[in-house]
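> Any chance you can model this:
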Amino acid sequence: MTTDEMLQVLMIDRTSPKSLKSQLENQLEKLIENLEAGTPLPPERMISESLQISRVTVRSALNKFYVSGAIIRHGRLGTMVAPKKQCRSIQPNPFIPGMQHEIMHQPPLRFLIYEDLPIQRKFWETVIDNYNNRNGSVTVEPVWMENLSRQNNIKEIIQSQKIDIMMLSHLFRLNYEKDFIKIPARLKSVENSDSYILKDLNIDLTYSVPFYLSAPIILWNQELAEKIGISGIPEKVSGGKLLDLLMDSAEKLPDGCLSGVRIWDYLYLQTDLENINDMNRFRPILEKLVQAGRSAGNNIDKLFVTDQKYTFDNLENFLQGQRLFLLGQLSHLQVLDPPNFRCGFLTFPSQKNLSVEFLKIAISKNCLNVHAAADFLHYLLSYEVQKPCAEFKGNFPVHKQLFFEHMKNKYHQTKQMTAEFLQNLAPRKDQDKNSHCFSDLIIFYLREELKELLYGSMTVDEFIKAMKNKFESLKQRIEIQEKIVV
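Numbers count the residues shown, from 1 in each chain. Now for the predicted structure:
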């Protein structure tokens with residue numbers, strides 16, 4: 001039966017005393033009974049337009065068949081008729097004579113994932129397949145979100161894709177209390193146990209489960225550094241001499257090569273997110289940037305990267321040997337092949353107020369099976385999943401034993417050094433909107449001003465004024481967006 005034929009079968013009688021939802025449920029039940037397993041159903045939008053009823057009504061009517069297991073969601077293929085064995089069956093209840101009970105095969109949990117780079121996809125597909133193979137009752141189905149590119153439509157995505165579990169990002173601007181279900185107590189007790197580093201950190205676990213953490217790292221082309229006579233990089237970076245190092249490099253780098261440090265990344269690395277309303281505390285940092293630009297003279301273009309065409313252009317240039325440094329996260333190296341030159345690296349280039357972020361996963365208010373969702377999140381915290389997360393993806397696991405092993409094997413950190421690292425962590429607060437807003441301001445919205453400041457076409461006072469104005473404007477825009485969403 002074609003889609004058009006199915007739509008012709010579905011009819012609504014507006015003179016009937018039965019509700020539109022009830023009528024549509026009856027029509028759908030008859031239709032599904034006469035379709036072969038695997039037959040795609042018309043999309044919600046087409047049913048809505050054909051019958052001239054709201055998509056909410058269509059979705060509500062279809063939900064009965066999702067819950068019963070009569071239909072299933074199958075990624076981009078859409079909704080289709082389930083194999084008959086997945087449908088609801090009614091059997092005598094062995095505990096209450098004369099009564100019947102329902103055996104219901106639950107629909108899969110829909111997991112929204114924005115880590116969609118090839119190596120990330122492979123990791124998550126493996127994790128989900130392993131979980132589904134060992135858990136026959138409720139499976140997990142990935143829903144891929146392309147690289148946070150639709151962040152402003154996240155509410156619509158959650159609703160239209162019927163998301164049960166999702167990765168969180170501060171870019172989503174969601175309200176935890178309104179949009180997510182509290183993490184069940186049994187799972188929170190696992191997170192707070194001695195088996196995980198979360199117990200040692202001041203992290204709010206009310207609405208999310210931290211899966212891994214990421215921290216800053218600076219890499220450099222060791223062969224290029226030796227060629228131009230740059231040495232002592234780890235000591236200089238650790239000693240707060242990164243700007244001096246960049247100025248020295250700018251004088252010695254050959255044509256076509258830049259230092260590789262993006263100027264907004266440099267400013268963010270110097271930023272303490274406490275007391276963000278006091279913009280004047282940036283004055284010493286900004287004055288040093290102005291002085292560096294003057295001192296660089298004709299080599300000013302090599303001092304910082306001040307333009308970006310697309311997200312990974314600086315990474316590509318680094319891997320091609322055209323950048324001396326790369327400042328970012330280890331996960332950036334998952335995008336392309338490893339460098340074909342000797343590469344030095346220093347983790348955590350700033351030990352002062354070390355800013356790290358966690359990838360957190362939450363249970364949506366749409367979730368109809370919180371127990372199953374909590375089981376899957378518990379699985380993500382297991383040794384079985386945390387180990388490949390560290391080895392395969394290069395992320396820092398939250399499993400304490402694996403965290404210490406990872407720090408030792410990958411970064412040659414002793415147990416004492418790792419313990420000190422944990423003490424220095426400053427996790428980014430989930431609901432500190434001003435901190436998130438200020439981070440976005442520095443990284444995304446001051447690039448032109450930073451370039452003008454470096455090249456001497458803007459004074460420090462003018463920059464601070466522009467920073468204040470943009471910060472207030474950005475906060476207001478976010479507030480308006482949140483009101484529109486609500």
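> all contacts plus neighbour counts: C-alpha atoms, from now on.
Fine.
> residue ranges with poor pLDDT in the stretch 101-250 of the chain?
101-105, 136, 146-152 (pLDDT under 70).
> Quick one: the helices in it, in order.
118-134, 154-160, 176-179, 185-191, 222-228, 233-238, 242-252 (DSSP state H, counting those that start in this stretch).
> winner for burial among the ones you listed?
Of all these, helix 242-252 carries the top mean neighbour count, a mean of 18, counting by mean count of other Cα atoms under 10 Å.
> Go through the helices of the stretch 101-250 of the chain and name the closest to residue 46.
Closest approach to residue 46 among the helices of the stretch 101-250 of the chain is made by helix 154-160 (13.8 Å; Cα to Cα).
> before we move on, the earlier item: could you dump the helices of the stretch 101-250 of the chain into TSV with distance to residue 412 added?
Shown next, in TSV, are the helices of the stretch 101-250 of the chain (distance: least, Cα to Cα, whole Å):
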stretch	distance to residue 412
helix 118-134	25
helix 154-160	40
helix 176-179	38
helix 185-191	27
helix 222-228	18
helix 233-238	14
helix 242-252	22
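> just so I know, which of the ones you listed lies nearest residue 262?
Of the helices of the stretch 101-250 of the chain, nearest to residue 262 by Cα to Cα is helix 242-252, at 11.1 Å.
> List the contacts of that closest one.
228-230, 233, 236-237, 258-259, 292, 296, 299-300, 302-304 (Cα atoms under 8 Å, 6 or more residues apart in numbering).
> Selecting buried members of those in ChimeraX, what would you type?
To isolate the buried members of these in ChimeraX, using 16 or more other Cα atoms under 10 Å:
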select :230,233,237,258,259,292,296,299,300,302,303,304
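> Go through the contacts of helix 242-252 and name the one nearest residue 44.
Closest to residue 44, out of all of the contacts of helix 242-252 and judged by Cα to Cα, is residue 304, at 50.7 Å.
> OK, contacts around the closest one?
Applying Cα under 8 Å, 6+ apart, the residues near residue 304 are 246, 258-263.
> Quick one: closest of the helices of the stretch 101-250 of the chain to residue 340.
The nearest among the helices of the stretch 101-250 of the chain, by Cα to Cα, is helix 222-228 at 10.5 Å.
> what's that closest one in contact with?
Contacts of helix 222-228 (Cα under 8 Å, 6+ apart): 231, 252-253, 321, 324, 341-344.
> Please list only the buried members of the residues you listed.
The buried subset of the contacts of helix 222-228 - by 16+ other Cα under 10 Å - is 252-253, 321, 324, 343.
> Flag whichever of the residues you listed scores worst on pLDDT.
Within the buried ones among the contacts of helix 222-228, pLDDT reaches its minimum at residue 343, with 86.
> Okay, it and residue 324: tell me how far apart.
Distance, residue 343 to residue 324, using Cα to Cα, to the nearest Å: 10 Å.
> what's the model's confidence in the lengthiest strand in the chain, averaged?
Taking DSSP state E as the criterion, the chain has its longest strand at strand 354-364. Summarised as a single mean, pLDDT over strand 354-364 is 82.
> Any buried residues in the next helix-or-strand element following it, and which?
Counting by DSSP states H and E, the next helix or strand C-terminal to strand 354-364 is helix 370-380. By neighbour count on 16+ other Cα under 10 Å, the buried set for helix 370-380 is 370, 372-374, 376-378, 380.
> Among the residues you listed, which one sits closest to residue 11?
residue 370 (35.0 Å).
> returning to that earlier point: closest one to residue 58 among the helices of the stretch 101-250 of the chain?
Short answer: helix 154-160, nearest of the helices of the stretch 101-250 of the chain by Cα to Cα, at 11.8 Å.
> chain center to the closest one, what's the gap?
Chain-centre distance of helix 154-160: 16 Å, with Cα atoms, centre = their mean, to the nearest Å.
> Identify the contacts common to residue 343 and residue 324.
Common neighbours of residue 343 and residue 324 (Cα under 8 Å, 6+ apart) are 220-221.
> out of the helices of the stretch 101-250 of the chain, nearest to residue 3?
helix 154-160 (20.2 Å).
> Who are the packing partners of the closest one?
Helices and strands touching helix 154-160, as assessed by 3 or more Cα pairs under 8 Å, 6 or more residues apart in numbering; DSSP states H and E, are absent.
> what ranges of the stretch 301-450 of the chain fall below the confidence cut-off?
In the stretch 301-450 of the chain (pLDDT under 70), the answer is 311, 329-338, 347-356, 424-433.
> Where do the strands of it begin and end?
Assigned by DSSP state E, counting those that start in this stretch, the strands in the stretch 301-450 of the chain fall at 325-328, 343-347, 354-364, 396-397, 425-427.
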